[in-house]
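**Student:** Predicted coordinates and the sequence they were generated for:
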Number of protein chains: 4
Amino acid sequence: MPPAADGKSFRFQGKTMQPVMSIEEIEAFLETDFPQIHTDGRVFEVTAVRPGEIDMVLAPSDRHLRPGGTVSGPAMFTLADVACYVAILAHIGPVALAVTTNLNINFLRKPEPARITCRARILKLGKRLAVVEATLFQTDAEEPVAHAVSTYSIPPR
Amino acid sequence: MPPAADGKSFRFQGKTMQPVMSIEEIEAFLETDFPQIHTDGRVFEVTAVRPGEIDMVLAPSDRHLRPGGTVSGPAMFTLADVACYVAILAHIGPVALAVTTNLNINFLRKPEPARITCRARILKLGKRLAVVEATLFQTDAEEPVAHAVSTYSIPPR
Amino acid sequence: MPPAADGKSFRFQGKTMQPVMSIEEIEAFLETDFPQIHTDGRVFEVTAVRPGEIDMVLAPSDRHLRPGGTVSGPAMFTLADVACYVAILAHIGPVALAVTTNLNINFLRKPEPARITCRARILKLGKRLAVVEATLFQTDAEEPVAHAVSTYSIPPR
Amino acid sequence: MPPAADGKSFRFQGKTMQPVMSIEEIEAFLETDFPQIHTDGRVFEVTAVRPGEIDMVLAPSDRHLRPGGTVSGPAMFTLADVACYVAILAHIGPVALAVTTNLNINFLRKPEPARITCRARILKLGKRLAVVEATLFQTDAEEPVAHAVSTYSIPPR
């Protein structure tokens, strides 16, 4: 039986995955254990935690911008990588240190020199590997600016 | 402004993309112009066409199965590739022949030896390149069995 | 210090990796444990085993060809996947069953309807994950027809 | 006929691709047209240009390092992306501005907090798309620390 036509029927996460950390707990953990994400100022902010997914915003500083007025590729890579890491963290708690093993990113259109939201959705949360999908977008009405899928190795818990 | 928490607010496609072919028109085109997908019998079926996305089902035959009772990796690759191609076809019409240039696939869990639905969603439909995301799943309540992102080169129209 | 300009200085594999199976042992193992690769006749053949890499040839049958005279994408995917699997097998022996978790393939140019050689080179052979690169080509003088990188999960040994 | 066993027989590039810029010309072009790569000081240096490939070294500064003593993922992503871009630039000249459309990176082992060499090798140099492979390594005798494959869209020339 194919899923319902509303595009929501395989929102499997709500049934099987629940976050175990709040936004505040995640931000506090990043502060102490992952301070390097604040090297360029407080540009990354977790704005939502939901079953199976999180949202993170990049408020770009000058060093994330490029001549001509756009956000750099490495800045978008970093946003996708950190957001996917946080999605896993939010669901397994601050006990293990997931390590990125693979990240595939498609740059879809040139972003405006403005905030980018990354929605990171967990595709698989296994004992050894997690796979997370990330969509980066600026406003609701337009195509995403980038899309990434990444794999994390999870140490024995 | 981050998107709404219901996970639907950046369903951009409905605003900017509309399919130009029906299920019947797509099936008729595949029949005449892409007969090789029926080499192993009528195992691929388009079950839905919506703005920005399509669903395709693989009803696996013996040759798509593996000892131990699962669907083979190449069968899932083929489903993802054909479904992404059909998503583009449905939105640009039977005038151009898109060619796969890149496909990245993650195998997430071992499928049952049963039907697999692939939902292919267009991330970018440009003049020269299209990028499509595909999620393969068997039932609503579980994690997907595989996930792919692919790029197609679109010839000058 | 950058490596020597002859392009050979980081042929690291010769120093750290040695195959533990011969071509004949690999073919015999595939025969009994992986018979599905011969579903379409004996189209895959291991032609070389070297430290850190193997060569496998696909002699395409009618079902691997496409109208217009080329080798199909799924046939090249299967060649890359099987060759990478065999590269790992050749170096860890027939004790564990590696499972593909990710495969990224670039289709570079349209192949002739003829034999394709896949050279699969191990990039990492860890306890839990192996990463293998595959280059598919037809003749020495031309660009490759495709290139893939894949990851395999290795069960506890 | 499979290629010769010395691993060199499909060094196709030497036959079909020749660089059109020297190291000095590349460095001068980056200086004026791509100054953002020097935002963190002169950390990137082109060390070799050969038919079909180039070498680029990252001499990491504090901001590329991580607590515990390693080079960050975003720093390796940036090195791979810039090196692949430079490989194309070196072969088509400073006339067109290639744009990254896809980058797939595998992180293979934790690097030492030291120089990383990236060897970027062109797999395809077409009119519209180029595909480049990048291997990141620190010393000759060991496995690479990362490996990437990226695609660039080349504007009409």
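**Tutor:** Noted; the coordinates are in hand. Residues are numbered from 1 along each chain as shown, chains lettered A, B, ... in the order given.
**Student:** ok, so what distance separates residue A:133 from chain B?
**Tutor:** 7 Å (CB to the nearest CB, to the nearest Å). (Glycine included, C-beta is placed from N, CA and C.)
**Student:** show me the contacts for residue A:67.
**Tutor:** By CB atoms under 8 Å, 6 or more residues apart in numbering or on different chains, residue A:67 lies in contact with D:35-36.
**Student:** Phi, psi for it please.
**Tutor:** Phi and psi for residue A:67, reported as degrees, to the nearest 10, are phi -50, psi 140.
**Student:** The longest helix along chain A near chain C at all?
**Tutor:** Longest among the helix segments of chain A by residue count, using DSSP state H, is helix A:73-92. No. If you take CB under 8 Å from any CB of the partner chain as the test, helix A:73-92 misses chain C, and the best it gets is 14.3 Å.
**Student:** the inter-axis angle of that helix versus helix D:73-92?
**Tutor:** 150 degrees (axes from the mean of the first three to the mean of the last three CA atoms, to 10 degrees).
**Student:** Contact residues of chain A facing chain D?
**Tutor:** A:35-36, A:39, A:63, A:66-67, A:72-74, A:77-78, A:81, A:99-107.
**Student:** just to revisit the earlier point, now the longest helix of chain A: how far from the chain's centre is it?
**Tutor:** 4 Å (CA atoms, centre = their mean, to the nearest Å).
**Student:** Say whether chain B is contacted by that helix.
**Tutor:** No. On the criterion CB under 8 Å from any CB, helix A:73-92 is out of touch with chain B, staying 12.2 Å away.
**Student:** how big is the angle separating the very next helix or strand once past that helix from strand C:99-107?
**Tutor:** Using DSSP states H and E, the helix or strand that follows helix A:73-92 in sequence is strand A:99-107. Orientation of strand A:99-107 against strand C:99-107 (the same axes, to 10 degrees) gives an angle of 30 degrees.
**Student:** in strand A:99-107, what's buried?
**Tutor:** A:100-107 (16 or more other CB atoms under 10 Å in any protein chain shown).
**Student:** Can you give me the neighbour number for the residue nearest to residue A:41 when sequence neighbours are not counted?
**Tutor:** Take residue A:41 and drop its neighbours on the chain: the residue closest to it by CB to CB, 6 or more residues apart in numbering or on different chains is residue A:61, 5.6 Å away. Counted by other CB atoms under 10 Å in any protein chain shown, the residues lying close to residue A:61 total 12.
**Student:** mind listing what residue A:61 touches?
**Tutor:** So residue A:61 contacts A:40-41, A:43 (CB under 8 Å, 6+ apart).
**Student:** Can you name the residues that contact residue A:115?
**Tutor:** Counted by CB under 8 Å, 6+ apart, residue A:115 has contacts A:57-60, A:138.
**Student:** Out of these, which comes closest to residue C:93?
**Tutor:** residue A:58 (46.6 Å; CB to CB).
**Student:** low-confidence ranges in chain A?
**Tutor:** Within chain A, the segments meeting pLDDT under 70 span A:1-15, A:96, A:140-142, A:157.
**Student:** could you redo the last one with a cut-off of 80?
**Tutor:** Residue ranges of chain A with pLDDT under 80: A:1-16, A:35-36, A:38-41, A:67-68, A:95-96, A:139-142, A:156-157.
**Student:** what residue is smack in the middle of it?
**Tutor:** In chain A, the centroid-proximal residue (CA atoms, centre = their mean) is residue A:83; its distance is 2.3 Å.
**Student:** quick one: residue A:30 from residue B:110, how far?
**Tutor:** 35 Å (CB to CB, to the nearest Å).
**Student:** ok, those two, which is more surrounded?
**Tutor:** Shown here are residue A:30 and residue B:110; by other CB under 10 Å, residue A:30 has more neighbours (20 against 13).
**Student:** That one and residue A:37 touch, don't they?
**Tutor:** Yes. Counting by CB atoms under 8 Å, residue A:37 is a contact partner of residue A:30 at 6.2 Å.
**Student:** Do a quick rundown of the strands in chain A.
**Tutor:** A:44-50, A:53-58, A:65-66, A:70-71, A:99-107, A:116-125, A:129-137, A:146-153 (DSSP state E).
**Student:** between those, which gets nearest to residue C:147?
**Tutor:** strand A:99-107 (14.2 Å).
**Student:** For the closest one, which outside residues touch it?
**Tutor:** With CB under 8 Å, 6+ apart as the criterion, strand A:99-107 contacts A:73, A:76-77, A:80-81, A:84-85, A:129, A:145-153, A:155, B:104, B:123-124, B:131, B:149, B:151, C:102, C:104, C:129, C:151, D:73, D:77, D:99-107.
**Student:** Partner strands of that strand and their direction?
**Tutor:** Using DSSP bridges, the strands paired with strand A:99-107 are strand A:146-153 (antiparallel), strand D:99-107 (antiparallel).
**Student:** residues near the closest residue in space to residue A:152 that isn't next to it in sequence, how many?
**Tutor:** Of all residues not flanking residue A:152 in the chain, residue A:98 sits nearest, at 4.0 Å (CB to CB, 6+ apart). Neighbour count for residue A:98, taken as other CB under 10 Å: 19.
**Student:** Surely residue A:98 and residue A:91 touch.
**Tutor:** No. Judged on CB under 8 Å, residue A:98 makes no contact with residue A:91 at a distance of 10.6 Å.
**Student:** ok, residue A:93 touching residue A:19?
**Tutor:** No. With contacts counted by CB under 8 Å, residue A:93 stays clear of residue A:19, the gap being 9.4 Å.
**Student:** Among those two, which residue is more densely surrounded?
**Tutor:** residue A:19 (21 against 14).
**Student:** so what's the more buried one up against?
**Tutor:** Residue A:19 neighbours (CB under 8 Å, 6+ apart): A:49-51, A:54, A:90-91.
**Student:** let's go with 10 Å and repeat that
**Tutor:** A:13, A:25-26, A:49-54, A:87, A:89-93 (CB atoms under 10 Å, 6 or more residues apart in numbering or on different chains).
**Student:** before we move on, back to that, which residues are common contacts for residue A:98 and residue A:91?
**Tutor:** Here residue A:98 and residue A:91 have residue A:130 as joint contacts, going by CB under 10 Å, 6+ apart.
**Student:** and stretch A:131-150, which residues are buried?
**Tutor:** Quick answer for stretch A:131-150 (16+ other CB under 10 Å): A:131-138, A:143-150.
**Student:** Farthest-apart pair in those residues, please.
**Tutor:** A:131 and A:138 (25.0 Å).
**Student:** The closest residue to chain C within chain A - nearest residue in space that isn't next to it in sequence?
**Tutor:** Scanning chain A for proximity to chain C using CB to the nearest CB identifies residue A:102 as nearest, at 5.8 Å. Excluding its sequence neighbours, the residue lying closest to residue A:102 (CB to CB, 6+ apart) is residue A:151, at 4.3 Å.
**Student:** how close does that neighbour sit to residue D:136?
**Tutor:** 18 Å.
**Student:** likewise residue A:72?
**Tutor:** Residue A:72 is 20 Å from residue D:136, by CB to CB.
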